[in-house]
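# Test case, fold it:
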Amino acid sequence: MSTLLPTYPPLARIIATLTKADGITQTRLSGVSLLCLGRHQARTPLLYEPSLTVIALGRKVGYLGDREIHYNPGQYLVQTLPLPFECETYGSPEAPLLGISVKLDPALLSEMVMAMGDISAPTISPKPMASVAMTSGMQEAVDRLAVTLTCATECAIMGAARIREVVFEALKGEQGPALRALVNGQGHYSRIVQVLSRLHVSFADEFKVEQLAQQASMSVSTFHHYFKQITRASPAQYLKRLRLIKAQQLLSQQGHNVNQAALAVGYRSVPQFSRDYKRYFGESPLQHRRQEQMLQG
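The predicted structure follows:
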């Protein structure tokens with residue numbers, strides 16, 4: 001972005017200098033990206049990868065089942081699972097949404113959790129997606145990371161350390177237990193996480209609830225209860241939303257036609273796929289593909 005407003009806070013100013021257009025901007029550091037949107041975006045189905053997201057200007061509202069998750073300046077989003085959800089973004093040309101996202105690398109997370117050992121954890125239940133109040137430690141860590149992004153030499157020498165700082169602050173925060181549960185493999189939350197990981201790798205396969213419950217070492221009724229508590233959807237609803245978002249990515253990013261996308265994500269009936277797609281996204285997959293083709297020229 002070329003125009004900086006004098007009212008921009010420092011973090012937003014740095015992000016604005018590093019973003020050239022609306023959308024996601026990859027940075028010099030792998031796993032660190034910048035967000036920019038100079039307009040309002042209505043509630044839209046999305047799939048975020050596990051990450052930490054800090055909003056410097058503007059705001060977002062996530063909708064996960066019956067939960068509303070507000071993340072604004074002064075908060076950061078902890079996303080421990082790649083959950084299908086819906087998101088509304090508030091930005092404008094004068095005050096765009098500006099943010100920074102740090103992907104949660106499983107190897108780094110595991111290393112840091114093991115190094116930290118057992119620590120006194122807050123009593124708040126782990127959630128796969130939650131907005132957390134910004135602490136002074138997290139704000140300082142994100143500020144240092146942002147400054148590092150402006151310099152190639154600093155990125156090469158200090159980049160990994162800056163990312164570790166941000167992840168460390170998240171591990172100490174309210175949703176630290178949710179992050180540690182990804183590594184420790186204990187409790188109902190962790191067992192559901194393992195099932196979700198399987199679904200994300202093999203989303204095109206057919207699954208029976210009994211098989212998933214068995215993997216989680218739970219009865220079917222107990223599995224249903226904890227699965228819905230965590231994802232705010234039944235296993236069938238979750239898998240359908242996951243398949244549809246994956247299909248949207250195939251149509252948008254990989255040039256699949258409608259039939260190819262439907263089959264790739266596990267649908268046996270293309271008409272059923274088209275009906276489900278339109279119900280979820282508000283437009284048919286054919287309409288979506290044509291729009292993508294027009295944008296590409």
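# where does residue 243 sit relative to residue 101, distance-wise?
Distance, residue 243 to residue 101, by CB to CB, to the nearest Å: 24 Å. C-beta coordinates here come from the backbone N, C-alpha and C atoms, glycine included.
# should've said residue 217
Residue 217 sits 34 Å away from residue 101, going by CB to CB.
# ok, residue 243 and residue 101, which is more surrounded?
Set side by side, residue 243 and residue 101 show more neighbours around residue 243, with 24 against 21, by other CB atoms under 10 Å.
# Sketch out the low-pLDDT regions of the stretch 1-150 of the chain for me.
Where the stretch 1-150 of the chain drops to pLDDT under 70, the residues are 1-6, 119-125.
# Can I take it that residue 203 is in a strand?
No. Residue 203 is assigned coil when assessed by DSSP: H, G, I helix; E, B strand; the rest coil, not a strand.
# any idea what sits nearest it, other than its immediate chain neighbours?
Computed as CB to CB, 6 or more residues apart in numbering, the closest residue to residue 203 that is not its neighbour in sequence is residue 242, at 5.2 Å.
# Before we move on, what's the pLDDT of the one you found?
On pLDDT, residue 242 comes in at 94.
# ok, now residue 187?
pLDDT, residue 187: 76.
# quick revisit: before we move on, what SS does the residue nearest to residue 203 have?
Following three-state DSSP, residue 242 is assigned to helix.
# cool, residue 61 as well?
Three-state call for residue 61 (three-state DSSP): strand.
# got the contact list for it?
By CB atoms under 8 Å, 6 or more residues apart in numbering, the residues touching residue 61 are 68-71, 87-88, 90.
# Redo those as JSON lines? Include neighbour count and secondary structure.
Shown next, in JSON lines, are the contacts of residue 61 (neighbours: other CB atoms under 10 Å; DSSP: H, G, I helix; E, B strand; the rest coil):
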{"residue": "68", "neighbour count": "11", "secondary structure": "strand"}
{"residue": "69", "neighbour count": "18", "secondary structure": "strand"}
{"residue": "70", "neighbour count": "12", "secondary structure": "strand"}
{"residue": "71", "neighbour count": "22", "secondary structure": "strand"}
{"residue": "87", "neighbour count": "18", "secondary structure": "strand"}
{"residue": "88", "neighbour count": "15", "secondary structure": "strand"}
{"residue": "90", "neighbour count": "17", "secondary structure": "strand"}
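# And the closest residue to residue 19 other than its chain neighbours, its phi and psi?
With sequence-adjacent residues excluded and distances taken as CB to CB, 6+ apart, residue 19 is closest to residue 36, at 4.1 Å. The phi/psi pair for residue 36 (degrees, to the nearest 10) reads phi -150, psi 130.
# mind checking how far the closest residue to residue 233 other than its chain neighbours is from residue 227?
With sequence-adjacent residues excluded and distances taken as CB to CB, 6+ apart, residue 233 is closest to residue 65, at 6.0 Å. From residue 65 over to residue 227 the distance is 12 Å, taken as CB to CB.
# Surely residue 158 is in contact with residue 148?
Yes. The pair residue 158 and residue 148 qualifies as a contact (CB atoms under 8 Å) at a distance of 5.5 Å.
# Same drill for these two, tell me which one is more crowded.
Comparing residue 158 with residue 148 by other CB under 10 Å, the one with more neighbours is residue 148, at 24 against 17.
# Tell me which of residue 65 and residue 227 has more neighbours.
Taking residue 65 and residue 227 together and counting by other CB under 10 Å, residue 227 has the greater number of neighbours (24 against 16).
# Show the pLDDT at the more buried one.
Reported pLDDT at residue 227 in the predicted model: 93.
# Which SSE is immediately downstream of the helix of greatest length in the chain?
Using DSSP state H to define each element, the chain has its longest helix at helix 152-172. Downstream of helix 152-172, the first helix or strand assigned by DSSP states H and E is helix 176-184.
# And that next one, how far out from the chain middle?
Relative to the centre of its chain, helix 176-184 is centred 16 Å away, using CA atoms, centre = their mean, to the nearest Å.
# Quick check: buried residues in it?
By neighbour count, with 16 or more other CB atoms under 10 Å as the criterion, the buried positions of helix 176-184 are 176-183.
# got the CA positions of it in PDB?
In PDB, the C-alpha atoms belonging to helix 176-184 read as follows (Å, rounded to 0.1, in the frame of the first residue of the first chain):
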ATOM      1  CA  GLY A 176      -1.500 -22.500  25.600                       C
ATOM      2  CA  PRO A 177      -3.300 -25.700  26.700                       C
ATOM      3  CA  ALA A 178      -4.900 -26.100  23.300                       C
ATOM      4  CA  LEU A 179      -1.400 -25.800  21.600                       C
ATOM      5  CA  ARG A 180       0.200 -28.200  24.100                       C
ATOM      6  CA  ALA A 181      -2.600 -30.800  23.600                       C
ATOM      7  CA  LEU A 182      -1.600 -31.000  19.900                       C
ATOM      8  CA  VAL A 183       1.800 -32.400  21.200                       C
ATOM      9  CA  ASN A 184       1.000 -34.200  24.400                       C
END
